[in-house]
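Trainee: Predicted model, plus sequence, below.
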Amino acid sequence: MKKFYLLIVLLLSSSVLLFGCSSDQEGSASDEGDGGNEKIELDFWVFGATNYESLAEQYQEENPNVTINVRKSELGDHHNSLFTAISSGTGAPDLTMIEVDQLDRFREAKSRFMNLYELGAGDIQDKYLDWKWQMAEDGSGDFLFGLPTDIGPKAMYYHTKVFENAGLPTEPKEVSDMISNPEEFKDAASKVLEATGKPMVDSMEMAFRANMDALKQSYFNRDGELLIENEDNKVKDAYDFAVELKEKGYVGSYEMWTPEWATALNKGEFAVEMAPAWLKGYMTENAPEAKGDWRVTQLPDQFKGNWGGSYLTIPKETKHGEEVYKFAKWLVKPENQMKSFAESGLFPSAPSVYEMEEFKQNSDEYFGGQNTAEVFAEAAQDIPAVYKGPKYVTVNNEVLTALQNVAQGADPEEEWDAAVKRIKDVLKR
């Protein structure tokens, strides 16, 4: 009899365990019961200047059963908090933004995120730029980490008065025709320096990024191998290009985001900024005296790339997978990307937005009435899908440190060797 009772207890215990496992699996994959009139509360983490709070309010009005709590942080704090939550397995939001340079850092923990292909994301893939979409996939192409939000296509901002004083053309098409490759860029820099005494670009970092942001592969491959000492690797070429510009006097000492840099933008103390669409908002607010002096045109093909942008990802900790995906899909649909562009300057990753009348009629008074949106839309079409690796930011900072030291007079080759050594030491930890 005791054996009989023991058998019953074991069977009941097994049933409870199996039911618990089944419930957990269903909750982490998709929630077919979401929607309807069930009250659902979602936590949404964002960073930077977005209009996602107002869009979340609109979504709640259209879906009164859904409450969305938006938490906004600075970029660094946002990703560090998310990394801690994902690593510990507790405290992650239902939906979160991840910046493109940070994406591979979280890619290593893909088991902690929902595969958006399993929620039907393949049905909307054709609405977004191929390169932007591909960067959110894993190496096999079977797992999708996030839905595309904004992008940062780069173009060439140039100061018309500096160009005019150097005897260079000032109309956007004429400028892009004149500067169609790196050698022509250096020729223009020489004329600017000779005629005005001013540098072509603001800083070593910007000179370095001219080539870096265009590389399909930089520091790592998908196997995690460090590539910068390989003969065919292009990071050293980008470094050498920046050093060459500095040695010829074409690079200034205006570090981005400093008060001195803002003043230089205001006064036209350098000729060119090779930067993404989102810089327009900063210039408008922080360099108001330069209104009408700057224009935008295409970069040489060798310099075309992306800087910035994000994705919406769903941590597996959520209990409302389908409802979260429904909100995320709504948030980044083309019509809402147009709103995000108009209200917050988030450049759209859905190319159908580029054909919308509101987008085509865009006029930037700060840039002399030019439709700069069309310039960046054209640039967005020619960007490669790149792989950066989970340690990209850390490793890149070491190279930037080397370039800053070179700007202060240090030997370029010694600084490069020292940076490579620091990088290897960091990767051993």
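Mentor: In hand now; what should we look at? Residues are numbered from 1 along each chain as shown.

Trainee: so how far does stretch 64-82 reach from one end to the other?
Mentor: One end of stretch 64-82 sits 28 Å from the other (Cα to Cα, to the nearest Å).

Trainee: any idea of the mean pLDDT for that stretch?
Mentor: In this model, stretch 64-82 has a mean pLDDT of 97.

Trainee: contact partners of that stretch?
Mentor: Residues outside stretch 64-82 that contact it (Cβ atoms under 8 Å, 6 or more residues apart in numbering): 35-48, 52-53, 56, 59-60, 92-93, 96-99, 102, 105-106, 323, 327. C-betas here are computed from N, CA, C, even on glycine.

Trainee: Show me which of the residues you listed are buried.
Mentor: The neighbour-count test (16 or more other Cβ atoms under 10 Å) marks 40, 42-48, 52, 56, 59, 92-93, 96-99, 102, 105-106, 323, 327 as buried among the contacts of stretch 64-82.

Trainee: which residues touch D237?
Mentor: N211.

Trainee: got it, and E184?
Mentor: By Cβ under 8 Å, 6+ apart, the contact list for E184 reads 178, 300.

Trainee: and it, what helix or strand is that in?
Mentor: Taking DSSP states H and E as the definition, one finds E184 inside helix 182-196.

Trainee: what comes up buried for that helix?
Mentor: Under 16+ other Cβ under 10 Å, the buried positions of helix 182-196 are 182, 185-186, 188-189, 192-193, 196.

Trainee: helix or strand right after that helix?
Mentor: Next along the chain after helix 182-196, taking DSSP H and E as the criterion, comes helix 204-212.

Trainee: Let's test this: mean pLDDT of whichever helix or strand comes after that following helix, rounded?
Mentor: Toward the C-terminus, helix 204-212 is succeeded by helix 235-247 as the next helix or strand (DSSP H and E). Mean pLDDT, helix 235-247: 98.

Trainee: Report whether N69 is found in a strand, as I expect.
Mentor: Yes. Counting by DSSP: H, G, I helix; E, B strand; the rest coil, one finds N69 located in a strand.

Trainee: What count of nearby residues applies to it?
Mentor: Neighbour count for N69, taken as other Cβ atoms under 10 Å: 12.

Trainee: What about the buried ones among the contacts of stretch 64-82, which are in strands?
Mentor: 40, 42-47, 96-99 (DSSP state E).

Trainee: Can you lay out these as CSV showing distance to K127?
Mentor: As requested, these are exported to CSV (distance: Cβ to Cβ, whole Å):
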residue, distance to K127
I40, 25
L42, 23
D43, 26
F44, 21
W45, 24
V46, 22
F47, 24
T96, 21
M97, 19
I98, 20
E99, 21
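
Trainee: which one of these is nearest G224?
Mentor: I98 (19.3 Å; Cβ to Cβ).

Trainee: How is the chain divided into domains?
Mentor: Split into domains by automatic domain parsing, the chain comes to 34-151+309-360, 153-308+383-428.

Trainee: I'd like the distance between N306 and T90.
Mentor: N306 sits 34 Å away from T90, going by Cβ to Cβ, to the nearest Å.

Trainee: got it, and T401?
Mentor: Counting by Cβ to Cβ - T401 and T90 are separated by 35 Å.

Trainee: ok, the two, which is more surrounded?
Mentor: A direct count of neighbours by other Cβ under 10 Å for T401 and T90 places T401 higher, at 14 against 9.

Trainee: Contact partners for the more buried one?
Mentor: Contacts here follow Cβ under 8 Å, 6+ apart; on that basis T401 touches 419, 422.

Trainee: Tell me the secondary structure at it.
Mentor: helix.

Trainee: Look at the nearest residue to P412 once chain neighbours are set aside and say how many residues are nearby.
Mentor: Of all residues not flanking P412 in the chain, V243 sits nearest, at 4.6 Å (Cβ to Cβ, 6 or more residues apart in numbering). Counted with other Cβ under 10 Å, the neighbours of V243 add up to 22.

Trainee: Hmm, V243 is touching A407, no?
Mentor: No. With contact taken as Cβ atoms under 8 Å, V243 and A407 are classed as non-touching, separated by 9.5 Å.

Trainee: Buried residues, stretch 59-78. List them.
Mentor: Judged by neighbour count (16+ other Cβ under 10 Å), stretch 59-78 contains these buried residues: 59, 63, 66, 68, 70, 73, 78.

Trainee: same check, this time on stretch 116-130
Mentor: Residues of stretch 116-130 classed as buried: 116, 119, 121, 124, 127-129 (neighbour count, 16+ other Cβ under 10 Å).

Trainee: Show residues contacting it.
Mentor: Contact with stretch 116-130 is made by 29-30, 133, 142-148, 151, 314, 321-322, 325, 329, 333-334, 349-352, 380-381, 383, 385, as judged by Cβ under 8 Å, 6+ apart.

Trainee: Need the buried ones from these selected in PyMOL.
Mentor: In PyMOL, this line selects whichever of the contacts of stretch 116-130 come out buried by 16+ other Cβ under 10 Å:
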select buried, resi 30+133+143+144+145+146+147+148+151+314+321+322+325+329+333+334+349+350+351+352+380+383
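
Trainee: from the contacts of stretch 116-130, which ones fall inside helices?
Mentor: Using DSSP state H, the subset of the contacts of stretch 116-130 located in helices is 29, 133, 321-322, 325, 329, 334, 380.

Trainee: Return the closest of those residues with respect to V235.
Mentor: Of all those, V235 sits closest to A380, with 24.0 Å by Cβ to Cβ.

Trainee: And the closest one, how close does it get to F163?
Mentor: Taking Cβ to Cβ as the measure, A380 falls 25 Å from F163.

Trainee: Same check on E289?
Mentor: Using Cβ to Cβ, one gets 18 Å for the distance from E289 to F163.

Trainee: higher neighbour count, the two?
Mentor: Shown here are E289 and F163; by other Cβ under 10 Å, F163 has more neighbours (25 against 11).
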